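Chemist: Below are the sequence and a predicted model; questions follow.
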Protein chains: 2
Amino acid sequence: MLDATASHSPKACARNIRQVPGRALPTTTGQRIVAEFARRTDTRYGNRPTMKDVAARAGVGLKTVSRVVNGEPGVTPDTERRVQEAIEALGFRRNDSARVLRKGRTASIGLVLEDLADPFYGPLSRAVEEVARAHGALLINGSSAEDPDREQELVLALCARRVDGLIVIPAGHDHRYLEPEIKAGVATVFVDRPAGRIDADVVLSDSFGGAREGVAHLIAHGHRRIGFIGDQPRIHTAVERLRGYRAAMEDAGLPVDERWVSLGSTDPARVTAAAEEMLSGPEPVTAVFAGNNRVTVTAVRLLAGRDVPVALVGFDDIELADLLGITVIAQDAAALGRTAAERLFRRLDGVSEAPAQVELTTKLLARGSGEVPPPGA
Amino acid sequence: MLDATASHSPKACARNIRQVPGRALPTTTGQRIVAEFARRTDTRYGNRPTMKDVAARAGVGLKTVSRVVNGEPGVTPDTERRVQEAIEALGFRRNDSARVLRKGRTASIGLVLEDLADPFYGPLSRAVEEVARAHGALLINGSSAEDPDREQELVLALCARRVDGLIVIPAGHDHRYLEPEIKAGVATVFVDRPAGRIDADVVLSDSFGGAREGVAHLIAHGHRRIGFIGDQPRIHTAVERLRGYRAAMEDAGLPVDERWVSLGSTDPARVTAAAEEMLSGPEPVTAVFAGNNRVTVTAVRLLAGRDVPVALVGFDDIELADLLGITVIAQDAAALGRTAAERLFRRLDGVSEAPAQVELTTKLLARGSGEVPPPGA
DNA sequence: TAGGCCCTGGACAACGTTGTCAGGGGAATG
DNA sequence: CATTCCCCTGACAACGTTGTCCAGGGCCTA
């Protein structure tokens, strides 16, 4: 029996939404309920047994239960067995909130990044998680969406949860709001971009050097008019990479026409417009340096459709870039995450050194697109 | 002045590791310390002000501070100002651990998935995060690495933290260990694969239907010998997709040679071996259906180097697949996450319905590789 | 002017756990 | 047999917050 609303919706019909008899659930497009189970009953929600309950059932004291749960010594095998049975029977699970309150440490760290859906941050986050796991800590993720206010909101929420440490990929430029937190003992490491107006550990890729190398690579292959398309100028890496571009051009004694340079959103439409601009006119660029993975993707799409081949080097590696023959400056996202997390945990382990800035080197991967010579060469 | 160890390491020299004078930090490959800041002093770590401190400073009662912090009514503007000033001055931040202990809700949910570095799970996780954010909750991530024990360990750790809800992409097949948790009120939704031996909400992609459609597509283009390379047989989606493959073959009245079918790890070596196997011999397959994104990537690499074109359809979309002309069965990872999270929060909002299984439809994206006709056709 | 009501503020207990400390009982020793 | 010592166990306070409840004071009304 179809739900009336659903059956009258052409969209729903077209996509063959079925519902089993019973409660009508709001379905979004393309969603189909294929089975329902028996209704759950007898649930006394939110009423978990505590150590006190376990103690009562096992006929022992509260502290003895605590000892068993934490594997502390000084409990007779027989007593331990009784306690274990009671735990089993009641389905007891220690409440870590209370534990945290008492002990002061949460065994969790926070990671604030730009967007977890970006293929650059997935591996970074995973690397952080692995290090955290090795130290017995859980990871709380948050995406700032490149919004400084949201970054701050997230960071402070994590501090309120009393994470032991923080790893932040900054969206904003002023992190003084973190000063009281850091003073209070929240270890903090910034990644990918430096912290703003605050002394803290920073782990970066060498954006300047990488971009310089990439552009020099294009110059070495004969290009003299090279375009640069980067992310928004308030993002540190975007500016550094542009600086690398300019340095390489200057190293080679090449002039830079400002129409070849474009910093702005990585939105495909914007990138396309910028590229079209620098590829038109009497003196078009013969090569493009793409400032990050999203720009590279758009550039590849765009350049693939052109008659005159345009050389391309991109910052950041991309999946399948080898098959497409895209030359890139690769940075190791996982290494960034790992390095930052290791630094963080060394701090948590009590190592107290001055905050430092660490840079990881990048690597040029020549795959074809960067070795295309300029037309007529 | 170089650290002795570093300067004697050829690798380090080659990669130009420099260190500023001062504390020698253990550096990993390609890591360079480019700056150090002044040593921090005067830190009384782990000694944060409490509401009591704020109250004392503001000359009010403890509860009044609580009221201000939580925006509760019943505080004179003047009193509120005094309290705010004290909060400001002391750098007070509410301890949510204590709050959680008192209130019983953590405003956080847990997400256990396979691997955050997998491009399929990044968008899924992000989608969950967005829904969580809309409900004022934080997200704790964990990667099970496809290991049932690790999954259980993670899930129980999250339960111990008293997350309000759980979203799990199962690695194991038996989730009875979750029964006490669910009974105790931890809302749980499974995604991508069904829960094992337990009644719970499940949100899936239509793996069976998707694979069937993909294979039918190959058959429609003239293929009669089609290979299937999938993930390990203990993974539900792998089995479902294989089932879809068999159904499509049967629909068309085509026999299936078991040498064309391979379930196993997605390790490139294994996939390559399996593909080589089914592409050799007197009656090689003329088309391959790849069971997930990792298999597809390996298959593309492998097939790109062959003389005789082999048709390919892959399950899961991949970045740049459009440029490479790879035909895929796309599932919407973000929609999976969003749907699951929305279901979860409806439960948390007190809606009590029977657990249900929801399926999202997939979409065939024809881009070329799946439309290659068999040789001689 | 007296009574009552509302508004503000604070004292206190409770959330579930862990650290401290002290008591009791059994074994070993004089 | 008495004493000492050690091992096991449990009572109690404390972690920092919020919910409950009550007191005091100001204002309005009869």
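Modeler: Yes, it's here.
Chemist: which residues touch residue A:109?
Modeler: Neighbouring residues of residue A:109 by C-beta atoms under 8 Å, 6 or more residues apart in numbering or on different chains: A:128, A:132, A:137-140, A:163-167, A:341, A:344. Glycine gets a C-beta too; all of them are placed from N, C-alpha and C.
Chemist: er, residue A:313 actually
Modeler: When contacts are counted by C-beta under 8 Å, 6+ apart, residue A:313 touches A:214-215, A:217-218, A:287-290, A:327-329, A:369-370.
Chemist: Which of these sits closest to residue A:152?
Modeler: Of all the contacts of residue A:313, residue A:152 sits closest to residue A:290, with 30.2 Å by C-beta to C-beta.
Chemist: so that closest one makes contact with residue A:296?
Modeler: Yes - between residue A:290 and residue A:296 there is a contact at 4.1 Å, judged by C-beta atoms under 8 Å.
Chemist: Would you double-check that residue A:266 falls in a helix?
Modeler: No - counting by DSSP: H, G, I helix; E, B strand; the rest coil, residue A:266 is not part of a helix but coil.
Chemist: now the contacts of residue A:109 as TSV including distance to residue B:123 and neighbour count?
Modeler: Below are those laid out as TSV (distance: C-beta to C-beta, whole Å; neighbours: other C-beta atoms under 10 Å in any protein chain shown):
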residue	distance to residue B:123	neighbour count
A:128	19	29
A:132	22	24
A:137	25	23
A:138	22	23
A:139	18	25
A:140	19	25
A:163	25	26
A:164	29	22
A:165	27	25
A:166	24	24
A:167	21	30
A:341	23	29
A:344	27	27
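Chemist: Tabulate those (TSV), appending distance to DNA strand C.
Modeler: Shown next, in TSV, are the contacts of residue A:109 (distance: C-beta to the nearest atom of the strand, whole Å):
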residue	distance to DNA strand C
A:128	26
A:132	20
A:137	16
A:138	16
A:139	21
A:140	21
A:163	18
A:164	16
A:165	20
A:166	24
A:167	27
A:341	25
A:344	23
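Chemist: Which helix or strand contains whatever residue of the stretch 151-300 of chain A ends up closest to chain B?
Modeler: Closest contact between the stretch 151-300 of chain A and chain B, by C-beta to the nearest C-beta, is at residue A:180 (3.0 Å). Element membership for residue A:180 (DSSP states H and E) is helix A:179-183.
Chemist: Can I get that helix in CSV? Just the C-alpha atoms.
Modeler: Provided in CSV are the C-alpha atoms of helix A:179-183 (Å, rounded to 0.1, in the frame of the first residue of the first chain):
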residue,chain,number,x,y,z
GLU,A,179,45.9,32.1,24.0
PRO,A,180,44.0,31.3,27.2
GLU,A,181,43.5,27.8,26.1
ILE,A,182,47.2,27.2,25.3
LYS,A,183,48.1,28.7,28.6
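Chemist: Counting by contacts, list what it packs against.
Modeler: If you count contacts as 3 or more C-beta pairs under 8 Å, 6 or more residues apart in numbering or on different chains; DSSP states H and E, helix A:179-183 packs onto helix A:148-160.
Chemist: Can you identify the element that follows the helix it packs on toward the C-terminus?
Modeler: strand A:165-168.
Chemist: Determine how far that following strand lies from the middle of the whole chain.
Modeler: With C-alpha atoms, centre = their mean, to the nearest Å as the basis, strand A:165-168 stands 12 Å off its chain's centre.
Chemist: what does it contact?
Modeler: Outside strand A:165-168, the residues that touch it by C-beta under 8 Å, 6+ apart are A:109-112, A:128, A:151, A:155, A:158-159, A:175, A:178, A:181, A:186-191, A:195, A:337, A:340-341, A:344-345, A:347-348.
Chemist: still on that earlier bit, would you format the contacts of residue A:109 as JSON lines with distance to residue B:121 included?
Modeler: JSON lines is the format used below for the contacts of residue A:109 (distance: C-beta to C-beta, whole Å):
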{"residue": "A:128", "distance to residue B:121": "15"}
{"residue": "A:132", "distance to residue B:121": "17"}
{"residue": "A:137", "distance to residue B:121": "20"}
{"residue": "A:138", "distance to residue B:121": "17"}
{"residue": "A:139", "distance to residue B:121": "14"}
{"residue": "A:140", "distance to residue B:121": "17"}
{"residue": "A:163", "distance to residue B:121": "22"}
{"residue": "A:164", "distance to residue B:121": "25"}
{"residue": "A:165", "distance to residue B:121": "24"}
{"residue": "A:166", "distance to residue B:121": "23"}
{"residue": "A:167", "distance to residue B:121": "19"}
{"residue": "A:341", "distance to residue B:121": "19"}
{"residue": "A:344", "distance to residue B:121": "23"}
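Chemist: Flag every buried residue along the helix holding residue A:180.
Modeler: Neighbour-count burial for helix A:179-183, with 16 or more other C-beta atoms under 10 Å in any protein chain shown as criterion, is recorded at A:180, A:181, A:182, A:183.
Chemist: and what of stretch A:319-335?
Modeler: A:320-321, A:323, A:326-335.
Chemist: So which of the residues you listed sit within strands?
Modeler: A:327, A:328, A:329, A:330 (DSSP state E).
Chemist: for the first one, what are its contacts?
Modeler: Taking C-beta under 8 Å, 6+ apart as the definition of contact, the neighbours of residue A:327 are A:214, A:217, A:312-314, A:364-371.
Chemist: filter these to the buried ones?
Modeler: A:214, A:217, A:312, A:313, A:314, A:364, A:365, A:367, A:369, A:370, A:371.
Chemist: Which parts of the stretch 51-200 of chain A are helices?
Modeler: A:51-58, A:62-69, A:77-90, A:96-103, A:121-134, A:148-160, A:179-183 (DSSP state H, counting those that start in this stretch).
Chemist: what helices or strands is the third one leaning on?
Modeler: Meaning helix A:77-90. Counting by 3+ C-beta pairs under 8 Å, 6+ apart, helix A:77-90 packs on helix A:51-58, helix A:62-69.
Chemist: what residues does the last one touch?
Modeler: Contacts made with helix A:62-69 from outside it, assessed by C-beta under 8 Å, 6+ apart, are listed as A:51-52, A:54-55, A:58, A:72-75, A:79-80, A:83-84, A:86-87, A:94.
Chemist: now with 10 Å?
Modeler: Contact with helix A:62-69 is made by A:50-58, A:60-61, A:72-76, A:79-84, A:86-87, A:92-94, A:99, as judged by C-beta atoms under 10 Å, 6 or more residues apart in numbering or on different chains.
Chemist: Tell me the buried residues in it?
Modeler: A:64, A:65, A:66, A:67, A:68, A:69.
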